[in-house]
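> only geometry, no sequence info:
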């Protein structure tokens, strides 16, 4: 069985959360699914420092990885640390769905704040113009 075929639960990943044993989950439906990586040997070489990786050790780090906009070289480096694929049992699928829905709801709230701010500025500008 190759590394990419080895199924690893999130429970197992969560046990690897120290500077001596650091695993991360990176990947999503758009990038071929969540994969598990052992980045312990890369901690000292990470351009952003070991602390960045240790902050998400034993967790799903996909959002952080994608938000940074890593280079093609970084993605190639990541492949060399592959341990296996995250096992997506019904519990994990439900957890990911809930997290995605919460994020979507949170993002919608940001749009609302912007809309209110724009409306407030427009009203204030209108009042200013009528007072002149």
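Done, it's in. Just so you know, these numbers come straight off a predicted model, no measurement behind them.
> Could you pull out the buried residues of stretch 18-35?
Across stretch 18-35, burial judged by 16 or more other Cβ atoms under 10 Å covers 22, 23, 24, 25, 26, 27, 28, 34, 35. All C-beta spots, glycine's among them, are computed from the backbone N, C-alpha and C.
> ugh, wrong one, I meant stretch 91-108
Those would be 92, 96, for stretch 91-108 by 16+ other Cβ under 10 Å.
> and residue 70, how many neighbours?
15 (other Cβ atoms under 10 Å).
> Check the one 4 residues further on too.
Other residues lying near residue 74 total 13 when counted by other Cβ under 10 Å.
> Helix or strand: which one has it?
helix 72-79 (DSSP states H and E).
> Ok, residue 84 next?
Using DSSP H and E, residue 84 maps to strand 82-86.
> Report the distance from the next helix or strand along the chain from that strand to the chain centre.
The first helix or strand that comes after strand 82-86 along the chain, using DSSP H and E, is helix 90-131. On the basis of Cα atoms, centre = their mean, to the nearest Å, helix 90-131 sits 21 Å off its chain's mean C-alpha point.
> and if you look at stretch 42-62?
With Cα atoms, centre = their mean, you get 12 Å for stretch 42-62.
> Among the buried residues of stretch 18-35, which one lies nearest to residue 15?
residue 23 (8.2 Å; Cβ to Cβ).
> related to what we said a few turns ago, partner strands of the strand holding residue 84, parallel or antiparallel?
Looking at strand 82-86 with DSSP bridges, its partner strands are strand 7-8 (parallel), strand 35-38 (antiparallel).
> ok, and what's touching the first one?
For strand 7-8, the external contacting residues (Cβ atoms under 8 Å, 6 or more residues apart in numbering) are 36, 83, 84, 85, 86, 87.
> ok, and the most crowded of those?
residue 36 (27 neighbours).
> For that residue, which residues count as its bridge partners?
So, taking DSSP bridges as the rule, residue 36 has residue 25, residue 84 as bridge partners.
> Between which two of the contacts of strand 7-8 is the distance greatest?
Checking the contacts of strand 7-8 with Cβ to Cβ, the most distant pair is 83 and 87, at 12.1 Å.
> still on that earlier bit, buried stuff in the helix holding residue 74?
The neighbour-count check on helix 72-79 (16+ other Cβ under 10 Å) flags 77, 78 as buried.
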